[in-house]
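Q: structure here, sequence nowhere to be found:
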């Protein structure tokens, strides 16, 4: 019932936006057990900066303590790693060079490892990541496995498949998130 004080409960979420509830009641406490999603920590930081009370971001259990009101703020969100990977893949596929700004190098670790394995090169300069081919042709990868963050993301698997179609040799890609 809307507006009624709630007791603690467990909610299993598959998307970070479940943290953003339609009401932040005073003294309400919601316990969330999130899947491994890298942006959970950033959303918690955002809500806390607005006056929210979220504890445990980056752990298995997140506690959200209700507040009366959230205030407006200016906030820079983390860069989207799949969007960054898409542009970097396009550069490799076309034998081009691209510099992506605003993406976190550490969030892209598994993808950038893949870039290097298939013949690309990566240069990091502050908040900029530059990707280009280091080899005259793309190289096959022995095994690329998708897995929850921080491993290689399923959402970037189609990018890898397109790129590896141009590689010289046989590559193996294994999907570990979805069974179908």
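A: Looks like it arrived, so ask away. This structure is a prediction, so every number in the text was calculated from the model and none was measured.
Q: need phi/psi at the closest residue to residue 93 other than its chain neighbours.
A: Distances taken as CB to CB, 6 or more residues apart in numbering put residue 163 closest to residue 93, at 5.7 Å, once the chain neighbours are dropped. From N, CA and C alone the C-beta is placed, and that goes for glycine too. As for residue 163, its main-chain torsions (degrees, to the nearest 10) stand at phi -70, psi -40.
Q: for residue 170, same thing?
A: Torsion angles, degrees, to the nearest 10, at residue 170: phi -90, psi 130.
Q: run a quick neighbour tally on the residue lying closest to it once chain neighbours are set aside.
A: Counting by CB to CB, 6+ apart, residue 170 lies nearest to residue 140, which is 5.6 Å off, once chain neighbours are set aside. Residue 140 has 15 neighbouring residues, counting by other CB atoms under 10 Å.
Q: touching, residue 140 and residue 173? I think so.
A: No: at 10.6 Å, residue 140 and residue 173 do not qualify as touching, with contact defined as CB atoms under 8 Å.
Q: lowest-pLDDT helix or strand in this protein?
A: strand 10-13 (a mean of 46; mean pLDDT, DSSP states H and E).
Q: okay, and the common contacts of residue 140 and residue 173?
A: residue 164 (CB atoms under 8 Å, 6 or more residues apart in numbering).
Q: mind listing what's buried along the helix or strand hosting residue 122?
A: With elements taken from DSSP states H and E, the one containing residue 122 is strand 120-125. The neighbour-count check on strand 120-125 (16 or more other CB atoms under 10 Å) flags 120, 122 as buried.
Q: relative to the whole chain's centre, how far out is the helix or strand following that strand?
A: Downstream of strand 120-125, the next assigned helix or strand under DSSP H and E is strand 128-133. Relative to the centre of its chain, strand 128-133 is centred 19 Å away, using CA atoms, centre = their mean, to the nearest Å.
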